[in-house]
Each structure stands twice: as C-alpha cells, then as structure tokens.
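Engineer: Below are the sequence and a predicted model; questions follow.
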2 protein chains.
Amino acid sequence: MGNYISDAVIKRLPRYRRYLRNLEKSGVSRVSSKELGEMMDVTASQIRQDLNHFGGFGQQGYGYGVAELGNSLEQIMGLDKTYNIAFIGCGRLGQALIGYLNGNEPHYKIVALCDNRPELAGTEIAGIKVMDKEEFKVRMRKGDIDILALTAPARIADEVAGDLEGTGIRGVWNFGHTDITIKGVHVMNVHLSDSLHALTYYINHLD
Amino acid sequence: MGNYISDAVIKRLPRYRRYLRNLEKSGVSRVSSKELGEMMDVTASQIRQDLNHFGGFGQQGYGYGVAELGNSLEQIMGLDKTYNIAFIGCGRLGQALIGYLNGNEPHYKIVALCDNRPELAGTEIAGIKVMDKEEFKVRMRKGDIDILALTAPARIADEVAGDLEGTGIRGVWNFGHTDITIKGVHVMNVHLSDSLHALTYYINHLD
DNA sequence: ATATCCATGTTAAGAATATAACGAGTATTG
DNA sequence: CAATACTCGTTATATTCTTAACATGGATAT
C-alpha cells in the first residue's frame, strides 16, 4: 500500500467489480481474465496487469474466484467500510441520488442534508431533516461526515466548500458546473453536461 | 474531417469550452494557451496540441480570441446544431436532467418522454406528455429523435434499446447500471456509482 | 520604422499506458 | 499417473499520450 497507482487503473476498478457481482448473481463462481476480458471488451492482459498492482488474486490454470475477487476489489476501493455522506442541494438531482444510495448502496449512509430554499428548509427527505446553510455549517463541524455531495448551484456550493477545513470531510462528489479543488480533499467533478457534449461530438462522427 | 481523434482529446473539449465561455462572461476577450493552461491546470502544450487536431484558431504573439475559440469548439462538437432528445425514465433523475436541459442547454430539445409507471403515464412533464412503453415505441419510429437518454431501470432500458434500429437515433446517454452497446449508435455510459466508488478509493488513499 | 517580445503551430523527445510474450504452476483428461 | 491444456503473474515490447523544444510570424513599444 501507499505506492502510486494511476488514475486509469483506479477508474477501471468499479467496472471490474460491477461485472464480477453480476457474474456472481448469475451463479458463476470462476472466471478467467480471458473470459472476463471478452465480456468487458478489454484485453485479458490489461485485467491481469491491473489486478497485479494490488496483489495476486488468481490461480494458474484456474482463473479467479468470482466472489473472492469481487470482495478483494471492494476492499481495495474501501467498500468494506461505511461512509457518512451529506448533500448540499436537495432538488431533483439530489433527491435522485439520495434515493439511489438508500436503495442500492448500503455502504453509504446519508447523515445530513442542506438546501437553502425556504420551502425545503425544515422538511424531511428520506427521514433526514433539511437544514439551511447556517445550520448545516454547524452540523459539518460535528466531524462525522466523510463525503460531501454537491448537487446545488455553483454559488452555494462554492460558499460551503470554503468551510470544509477541519470538518474531517475527505471527499467531494461534485455535480456543479464548475470544477472545484480543495486542499487535502479529493474532489470528483462529474459534469453531466460534458458527457452529453462529448456524446454530441461522437454522433456527428459516426463512421 | 474524418480522421480519427482520440477519446482523451474529445473528452477535454467540453471543458475547454466551459472555461472559455466563463472567461467570455467575465469580459475577457483574448487568452493565451499559457494563461488558459494555468487556469485549467493543464499544460499549454496540451491545449495547443489538442486544438491543432482541428485547425489553427490562434494567432502568434496574440493568443486566442475567447469568443471565437468558444464558437469553434462548439462547432467542432456540433453544438451549433440542435438535437431532439427523448427520455426513457421520468423519475427524479430523469426530471432533474430534463429541467437542466430546458434551462441551460438550448441546443437540446426534449421531444418525447417514456415511463412505464401507471401513475406517470398520461401526465405531463415540462409540457411533454409521458408515454407508456408501447406508445413510445411507435413514437420512436417517427424518426426525428437524435439522442435517447436512459434514466430508467436496466430492464426497461434494455428492452427499448433493442428497438433502436431504423429509428434514426444516433446517440444514447445511458445512466443505467449496466453498460450497453448498440451497433451504429454511440453510447455514453455515465455510471454515477462508479464515480462514487473511485472517489471512495481516493479518500482512503489521500497522501 | 525597427527592435523586442510573445505565443502560435508543429516537430521531436519523453512518459505513461496498453498489449504481447513467456515461464511456472495448477487443473483436467485419458 | 502421465500428459495435455489452462491461465496466472510478470517481464518485455509496442503503442499512445503528454510534454518540451523551436522556428515562424504577428503584436507591441520606443
């Protein structure tokens, strides 16, 4: 541990995990890098090379245990632990993500919500009280939030993001339309519109 | 035109455009690759190299015209045209995207909606009637839809995706939790949970 | 008008990433 | 129980992507 592994590799890990869990659900108990590569449309070599950054999970002549490798990948990503997550912005996008996490991601626990719209402040979403900006800033200082999801207009997100220091927040899942960078915190900028624009390029350049 | 340009380059174009439009809003009319690179935290060399795939947009000793380069990038991506887009899945995520597009993306026009839940079928969202699966399949055959956004459970999405041939749909913006590939159609798989999982890896490996 | 500065487009070098090759060890088959 | 087929981990090669270098020509200043 501790040694650097490239972004390209890390970004592929969730996808490997997804395919393995699907195989597991289908009752498949072993898989070779060749088989998995064909399913995922990547080379067997890449799979073996990627996994090898973290250790040897397979066996010669046999392949990989589907459940075991899935577990190992979860451990590598830290999905064997549970994370407290808070949302700034409880509009439709925020609510969509909250609903998804509650239903599908048991390792993420929603512990606090913030929205500055007067009609939302004081209401509850998924059993959690929606706080206004000031109350939320106090709540952040409690120190138990691991990840902050930003699903609010950039202005509000920027303001609150300025107050992260000393809160223990380690990650930001940013859906705002500006890139943000915060010292000591890992920011994942999602940018849905960028993906639509790239898609638009491609549909104009289909062979 | 017609010559291959790598994914890595294409994925960066929307971000360049975003920064340029923001500069334009701030009243900046010219920018050098060095200045832009410092803002965006990329090398000046990469910017020049990326742009050069599409032609020469700058001037020696001067730099790039902010508005002109923004326009050129939009033209490269095809954002000078307008696209008809349809949604399968009008839950919170679908509605969030519909609202965003209507308010912020004038080049995408929402022309059809589909949701199989009985309580939604027949209602209107953003002035568009929500159709059930069968009615929507007929609607697709009209041939005027450019992009299909999949914001529904994989099962339904897969079923409808099987009927794309001959509809003229060129792109799919897929928010489902399985990868899909369709012959002759460009699919942009978004996978929000993958980004959360990668973020989780990183917060466990902050220096 | 002349000289200096700037910043491009482009070519060359370097770094990172992906693919192929292969030796070693396990499972399977007859 | 021997022989064959598999498939891993790993090393080597090939490819792709990024960064640096530089010559050219326009902009700016005096």
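Structural biologist: Looks like it came in fine. What you see is a predicted model, and the numbers here were worked out from it, not measured in a lab.
Engineer: In terms of secondary structure, what does the worst-scoring helix or strand of chain A on mean pLDDT contact?
Structural biologist: Every helix and strand of chain A was ranked by mean pLDDT, DSSP states H and E. The lowest is helix A:154-161, at a mean of 79. When contacts are defined as 3 or more C-beta pairs under 8 Å, 6 or more residues apart in numbering or on different chains; DSSP states H and E, helix A:154-161 sits against strand A:83-88, helix A:133-140, strand A:147-150. All C-beta spots, glycine's among them, are computed from the backbone N, C-alpha and C.
Engineer: Could you export the last one as CSV, CA atoms only?
Structural biologist: So that's strand A:147-150. Taking C-alpha atoms only, strand A:147-150 is exported to CSV below (Å, rounded to 0.1, in the frame of the first residue of the first chain):
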residue,chain,number,x,y,z
ILE,A,147,-18.2,12.7,1.8
LEU,A,148,-20.0,15.8,0.7
ALA,A,149,-22.2,15.6,-2.4
LEU,A,150,-22.7,18.9,-4.1
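Engineer: relative to strand A:83-88, how tilted is the least confident helix or strand of chain A?
Structural biologist: For helix A:154-161 against strand A:83-88, the angle by axes from the mean of the first three to the mean of the last three C-alpha atoms, to 10 degrees is 140 degrees.
Engineer: winner for burial among the helices and strands packed on helix A:154-161?
Structural biologist: Of all the helices and strands packed on helix A:154-161, strand A:147-150 carries the top mean neighbour count, a mean of 26, counting by mean count of other C-beta atoms under 10 Å in any protein chain shown.
Engineer: Give the pairing partners of that strand; include direction for each.
Structural biologist: Next to strand A:147-150 in the sheet, as set by DSSP bridges, lie strand A:83-88 (parallel), strand A:171-174 (parallel).
Engineer: about what we covered before: the helices and strands packed on helix A:154-161: which one's closest to DNA strand C?
Structural biologist: Closest approach to DNA strand C among the helices and strands packed on helix A:154-161 (C-beta to the nearest atom of the strand): strand A:147-150, 24.4 Å.
Engineer: center of chain A - which residue?
Structural biologist: A:Trp173 (7.2 Å; C-alpha atoms, centre = their mean).
Engineer: can you tell me which helix or strand A:Gly184 belongs to?
Structural biologist: Applying DSSP states H and E as the criterion places A:Gly184 outside every helix and strand.
Engineer: That one reaches B:Ile203, doesn't it?
Structural biologist: No. Counting by C-beta atoms under 8 Å, A:Gly184 stays clear of B:Ile203, with 10.7 Å between them.
Engineer: And the helix ranked longest in chain A, what does it pack against?
Structural biologist: When chain A is parsed with DSSP state H, its longest helix is helix A:7-25. Judged by 3+ C-beta pairs under 8 Å, 6+ apart, helix A:7-25 is in contact with helix A:33-40, helix A:44-52, helix A:66-77, helix B:192-203.
Engineer: so how far is chain B from the nearest residue to A:Ile5 once chain neighbours are set aside?
Structural biologist: Closest residue to A:Ile5 apart from its sequence neighbours, by C-beta to C-beta, 6 or more residues apart in numbering or on different chains: A:His53 at 5.1 Å. For A:His53, the distance to chain B equals 12 Å [C-beta to the nearest C-beta, to the nearest Å].
Engineer: A:Thr167 too?
Structural biologist: A:Thr167 is 13 Å from chain B, by C-beta to the nearest C-beta.
Engineer: try A:Met131
Structural biologist: Taking C-beta to the nearest C-beta, one finds A:Met131 at 20 Å from chain B.
Engineer: and if you look at A:Leu23?
Structural biologist: Counting by C-beta to the nearest C-beta - A:Leu23 and chain B are separated by 13 Å.
Engineer: what's the helix or strand containing A:Gln95 in contact with?
Structural biologist: Assessed by DSSP H and E, A:Gln95 sits inside helix A:92-104. With C-beta atoms under 8 Å, 6 or more residues apart in numbering or on different chains as the test, helix A:92-104 has contacts from A:85, A:87, A:90, A:108, A:110, A:113, A:115, A:125-126, A:149, A:151-152, A:175, B:91-93, B:95-97, B:99-100, B:177, B:192-193.
Engineer: angle of that helix against helix B:192-203?
Structural biologist: 80 degrees.
Engineer: Please save the CA atoms from helix A:92-104 in CSV.
Structural biologist: Provided in CSV are the C-alpha atoms of helix A:92-104 (Å, rounded to 0.1, in the frame of the first residue of the first chain):
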residue,chain,number,x,y,z
ARG,A,92,-34.4,16.7,-8.1
LEU,A,93,-30.8,15.6,-8.8
GLY,A,94,-30.0,15.5,-5.1
GLN,A,95,-33.1,13.5,-4.3
ALA,A,96,-32.4,11.1,-7.2
LEU,A,97,-29.0,10.4,-5.7
ILE,A,98,-30.3,10.1,-2.2
GLY,A,99,-32.9,7.6,-3.3
TYR,A,100,-30.4,5.6,-5.3
LEU,A,101,-27.9,5.4,-2.4
ASN,A,102,-30.5,4.4,0.1
GLY,A,103,-31.8,1.7,-2.1
ASN,A,104,-28.6,0.4,-3.6
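Engineer: what's the distance between that helix and the middle of its chain?
Structural biologist: Relative to its parent chain, helix A:92-104 has a centroid offset of 13 Å by C-alpha atoms, centre = their mean, to the nearest Å.
Engineer: where's the residue lying farthest from the centre of chain A relative to A:Ile47, distance?
Structural biologist: If you look at how far each residue of chain A sits from its centre, by C-alpha atoms, centre = their mean, the farthest one is A:Gly61, at 34.3 Å. A:Gly61 sits at a distance of 17 Å from A:Ile47 (criterion: C-beta to C-beta, to the nearest Å).
Engineer: Fine, thanks again, bye for now.
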